[in-house]
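1. kindly return the folded structure for what I paste below:
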Amino acid sequence: MNFPLFVLQRLIKSKKESNFFSFFSIISIGGIALGVTILIMALSILYGFENTIEEKIIEFTSHITISGFGDRNLEFSRAEMDSLKKLGTPYVKSIVPYIEKNAVIKRRKFSEGIKIEGLRKEFIKRRFAKFVVQGSLKNFGKRKAEIIIGEKLAEKLFAKVGDRVTIFTLRGDKPPSLENPPAIENFTIAAIYNSGMAEYDDLIAYADLETIQKVTALKGKVSGYFIQLNNLKKLKNVVGKLQDYLGYPYYVRSFYKTHQNIFTWLELQKKPVPLVLGLIILVAAFNIVGTLLMNILKQSETIGILRALGASGKKVARIFLAQGFFYAIVGILIGNALALALSVAQIKFSLVKLPASIYFISKAPIYFDARIYLIVSAAAFVVAFLASYIPAKLAAKINPIKAIRFR
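-> Have a look, this model is predicted:
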C-alpha cells in the first residue's frame, strides 16, 4: 500500500487523538457539499428556465414571425407563402398565416382586454391538443364562431366550456366611426388551455382564421406568418434571407427578438454565475485550509515521529494532500447526491412555486445535464487541491526534533 494512504488510514482508524472526523472536518466537508449543491441547483434552474421558456414560446408562437411594420395588415397569397418556403428550403418546416387583433372579451358583467389570434383550424388542433384542460378540440371549427381561452382568463370571467362570450374589436384597418363601427361577435368557448405561461393564459384567445377575417372585415389579409424551422442553428441565416427578400413593409423577427426582454434577463442571470461559483468554492477552500492546519497542529507529534523514522517531507505532505482530497471527494459526492435529490423532489412535488405573471412559468424548472455536475465537481476538486497544498507544504517543513521535544 502507498505510504501516505497507509498513514492516512491509520489516522482515520486511530481513536487516541486524531479525531479525523472532528467538528472542523465535518464543517469542511459540509462547506464543500453545500457549495456544490447550491451551484448545481442554481445552474440547473437557470438553464431549466432558458430551455422551458424557449420551448413554450416556440410552441405558442414560432421560430420566426413575419409581420408588418406598425402592425399593418398584409395581403395574403398562396404564391407568397410558397416563395417564402422555397427561399428557406431546406430549413423551413411549415408556414402558417395568422391574424392578431386587440380586443375586449365580455361575459355578463365581467370584461377583460385581450389579444385574439386567428389561426387555421388544423393548426389550432395540433398546437393546443396537449394543453387543453377543459373541453376538447376534436370537433373544433365544425360549429360557428368557436374560441379557446386560457385558464387564467377563464377564471377572471368565471367562464367554462360551452359558455358564450362577446368579442369587441376594430373592423378593418380604419379607426372606428359612424361609418365603420367596431366589430362585435358572440363566440362559444370550445376549450380552455393551460400553457403554464401567464402571458398567454391570461391574455390570448384563439379562433379560426377565416372567422376572424370575416368578423374584422379583413378577408384576404393577414397580420403575418408563423414560420417553423427544422434546424434552429440556421435561424439567424434564414431570418436574414427573408428580411432581405421581403424588405419594407415586412418585419422579420426570430423568437429571440420577439421576446427579447425575457432572453436578455436570462443572459444577465448567467453573467454573475462564474463569480458566485468562485466565491462559494473559495469559502469551502478556506474551510479546508483551516481544518488541515488544525490537524497539523494536533498531529505535530506524529509528524515529528514520522520524520524521525525517515519519512521525507514530500511523503508527509502527501498525507495531508490525501486528507484534503478525502474531504473534497466526500463533500463533492454528498453535494451531487443532495442536488440530485432536490432536483427530483422539485420535478415531482414542485417545492418551489413562482408567480407566473412575473416569471412566465408557475414553478422552478430543472434541467438535467451531466455536464453541469461534472464541471462544478471538477472546479470544486481543483480548488480543494490548491487549498490542501499550502497546509501540506507547512506540514513537510515541521522540524522533527522540535515536534518530539514538546511531547
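2. tell me which residues of stretch 232-245 come out buried.
-> Using 16 or more other C-beta atoms under 10 Å as the test for burial, stretch 232-245 gives Lys234, Leu235, Val238, Val239, Lys241, Leu242, Gln243. To be clear about C-beta, it is placed using only N, CA and C from the backbone, and glycine gets the same treatment.
3. need phi/psi at Ile192.
-> Here is the backbone geometry of Ile192 (degrees, to the nearest 10): phi -120, psi 130.
4. what's the closest of the buried residues of stretch 232-245 to Met197?
-> Checking these against Met197 by C-beta to C-beta gives Leu235 as the nearest, at 20.9 Å.
5. looking at the buried residues of stretch 232-245, which is nearest Tyr367?
-> Closest to Tyr367, out of all of the buried residues of stretch 232-245 and judged by C-beta to C-beta, is Leu235, at 20.6 Å.
6. wouldn't the closest one be in contact with Ser62 here?
-> No: applying C-beta atoms under 8 Å as the test, Leu235 and Ser62 come out as separate, 10.9 Å apart.
7. and Gly113, which helix or strand is it part of?
-> For Gly113, the host element (DSSP states H and E) is strand 110-119.
8. grab the nearest non-local neighbour of Arg285.
-> Rather than Arg, residue 285 is Ala. What sits nearest to Ala285 in space, not counting adjacent residues and going by C-beta to C-beta, 6 or more residues apart in numbering, is Ala387, at 3.7 Å.
9. also Phe320?
-> Closest to Phe320 by C-beta to C-beta, 6+ apart is Ala392, at 4.1 Å.
10. then Ser111?
-> Leaving out its chain neighbours, the residue that sits closest to Ser111 by C-beta to C-beta, 6+ apart is Val104, at 5.7 Å.
11. helix, strand or coil for that neighbour?
-> The local conformation at Val104, judged by DSSP: H, G, I helix; E, B strand; the rest coil, is strand.
12. show me the contacts for Thr61.
-> Applying C-beta atoms under 8 Å, 6 or more residues apart in numbering, we find Thr61 in contact with Phe226, Phe255, Thr258.
13. which of those residues fall within strands?
-> Phe226 (DSSP state E).
14. for the contacts of Thr61, which one is nearest Val273?
-> Looking across the contacts of Thr61 and measuring by C-beta to C-beta, the closest to Val273 is Phe255, at 23.7 Å.
15. just give the nearest non-adjacent residue to that closest one, would you?
-> Ile57 (5.4 Å).
16. wait, isn't that neighbour in contact with Tyr256?
-> No: taking contacts as C-beta under 8 Å, Ile57 lies outside contact range of Tyr256: 9.2 Å.
17. what about the two, which has more around it?
-> Ile57 (22 against 16; other C-beta atoms under 10 Å).
18. for the more buried one, helix, strand, or coil?
-> At Ile57 the chain is in helix, as set by three-state DSSP.
19. got it, and Lys234?
-> Following three-state DSSP, Lys234 is assigned to helix.
20. and the helix or strand Phe49 falls within, what's buried?
-> For Phe49, the host element (DSSP H and E) is helix 23-60. Neighbour counts over helix 23-60 (16+ other C-beta under 10 Å) mark 24-25, 28-50, 52-54, 56-57, 60 as buried.
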